[in-house]
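Asker: Turn this into a model:
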Amino acid sequence: MLGDKTSGDRPRRRALILVENLSVPFDRRVWQECTTLRDAGWEVHVICPQGNKRDTEPETEIDGVRIHRYPLRAATGGPAGYLREYGSALWHTARLARKVGPVHVVHACNPPDLLFLTARRLQRRGARFVFDQHDLVPELYLSRFDRGKDLLYRAVCALERLTYRAADVVIATNESYRDVAVRRGGRRPEDVFVVRSAPDTDRFHPVPPEPELKRGKSHLLCYLGVMGPQDGVDYALRALAKLRDEHGRTDWHAVFVGGGDTFDAMVELSRRLGLSDQVQFTGRVPDADLARYLSTADVCLSPDPRNPLNDVSTMNKVLEYMVMGRPIVSFDLREARVSAGDAAVYAPADDEGEFARLIALLLDDPEKRALMGKIGQERIGGPLSWRNSQRSLLAAYAAACGDAVPASAVDPDSSGTRPHS
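Answerer: You can find the predicted model right below:
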């Protein structure tokens, strides 16, 4: 019989979550899903890559969640590197899935849109397949590689279609992604559940500011996030050069927190722009240090340029800025407005000069900064809170398993997680 026994000799249902993009629990969204399912009585297993400096154990149990990790060398360069990475990940995932054994639900988080191959094998043994679409991979391909709609683009579109077709239920991170699942994926609206990412406010919250982090300047600017070709760190750096050169502002220090495959290039760009004395690159830092930087920041930066992916994606950094009560400068993207609302000011897409002007405006207006920070915290504590996403996640699992779906999870007025069709 599947699962461990609980009271009354009733077996626990088993869920297997597949992740390739990040290690767990470093992947905060996936970890919140794990703990939500655990608290709802599920036995949860995760298969994911090992981290470089954290999440390094091949196998461990953390807070009742059983994690199976495999070694993986992240891709560098062009698409060929990703094919090698994904091939290795798929082999290890299939190997570890056999070790885990039968499950009631297999829950695959993309990218890549290849994990359905493992899910299909488990479906043949009775599992239900939940597809958790973290990224729109066709849009990611267009935005990252600038190769147009070539053969590889058509291949990733085909893989996305196969994943949609195989899934019993689809989880979308926002309503834009939900629309894609219905329109492009051909999914019935009632089979697509919006589970928005949200910071864990019990773990991640403001701490007393530390003025010394400003390095003797009046203001601290902060960027948090991945540094890849589509993430706009280069836009932010050029905007900071304009803030100095066109607005005469040198009363700020900027901290860029995070890593990625363009990290070294961004450090070099900062040097070429003459920003080395005012811009600090920390790499990835522990959560406690991240909270220190964000709690001290006067303005936070979300410089993602407009492209097919960014316009419809929810940026985790925006949500984390909001939970810390920080005002945000962003480019005008559709889902950025959905998330931040009046907690951000918006420059026209890719307009670095206007981005710089808005930073200067906020630096000169502490009352506006405080109001925007309060608005952000209220949104995170209300319509964008994880408790709403928890209801939708559990409803998705109920639908996948053929259970009754609670009315509160499908009524858009009750939780804000499911839109009208």
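
Asker: What's the first helix or strand after the lengthiest helix in the chain?
Answerer: Longest helix in the chain by number of residues (criterion: DSSP state H): helix 79-100. Sequence-wise, the next helix or strand downstream of helix 79-100 (DSSP states H and E) is strand 105-109.

Asker: report the angle between the axes of that following strand and helix 79-100?
Answerer: 160 degrees (axes from the mean of the first three to the mean of the last three Cα atoms, to 10 degrees).

Asker: Just the strands from the stretch 201-350 of the chain, written as ranges.
Answerer: Under the criterion DSSP state E, counting those that start in this stretch, the stretch 201-350 of the chain contains strands at 219-224, 252-257, 279-283, 299-302, 328-331, 344-347.

Asker: so Arg337 touches Val345, yeah?
Answerer: No: at 11.0 Å, Arg337 does not count as touching Val345 under the criterion of Cβ atoms under 8 Å. Where C-beta positions appear, they are placed from N, C-alpha and C, glycine not excepted.

Asker: re earlier: can you lay out the strands of the stretch 201-350 of the chain as CSV showing mean pLDDT and mean neighbour count?
Answerer: As requested, these are arranged in CSV below (pLDDT from 0 to 100; neighbours: other Cβ atoms under 10 Å):
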stretch, mean pLDDT, mean neighbour count
strand 219-224, 98, 24
strand 252-257, 98, 22
strand 279-283, 97, 17
strand 299-302, 98, 26
strand 328-331, 98, 25
strand 344-347, 98, 22
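
Asker: OK, contacts around the most centrally placed residue in the chain?
Answerer: The centre of the chain sits closest to Asn316, judged by Cα atoms, centre = their mean, with a distance of 5.0 Å. By Cβ atoms under 8 Å, 6 or more residues apart in numbering, the residues touching Asn316 are Arg28, Arg29, Ser197, Gly225.

Asker: rewinding a little: state the mean pLDDT of the longest helix of the chain.
Answerer: Mean pLDDT, computed over helix 79-100, is 90.

Asker: now it: how far from the chain's centre is it?
Answerer: Counting by Cα atoms, centre = their mean, to the nearest Å, helix 79-100 is centred 21 Å from the centre of its parent chain.

Asker: mind listing what's buried in it?
Answerer: Residues of helix 79-100 classed as buried: 79, 82, 85-86, 88-90, 92-94, 96-97, 100 (neighbour count, 16 or more other Cβ atoms under 10 Å).

Asker: Residues in contact with it: which ones?
Answerer: With Cβ under 8 Å, 6+ apart as the criterion, helix 79-100 contacts 16, 18, 20, 45, 47, 49, 68, 70-75, 106, 112, 114-115, 117-118, 121-122, 145, 147, 152.

Asker: do that again at 7 Å, thanks
Answerer: Helix 79-100 has contacts (Cβ atoms under 7 Å, 6 or more residues apart in numbering) with 16, 18, 20, 45, 47, 49, 68, 70, 72-75, 112, 114-115, 117-118, 122, 145, 152.

Asker: So which of those residues are in strands?
Answerer: Leu16, Leu18, His45, Ile47, Pro49, His68, Tyr70 (DSSP state E).

Asker: Can you tell me the SS state at Val130?
Answerer: For Val130, the secondary-structure state derived from DSSP: H, G, I helix; E, B strand; the rest coil is strand.

Asker: In the sheet, which residues pair with it? Tell me.
Answerer: Counting by DSSP bridges, Val130 is bridged to His107, Val169.

Asker: dump the residue contacts of it.
Answerer: Taking Cβ under 7 Å, 6+ apart as the contact definition, Val130 lies against Val105, His107, Ala167, Asp168, Val169, Ile171, Ala396, Tyr397, Ala400.
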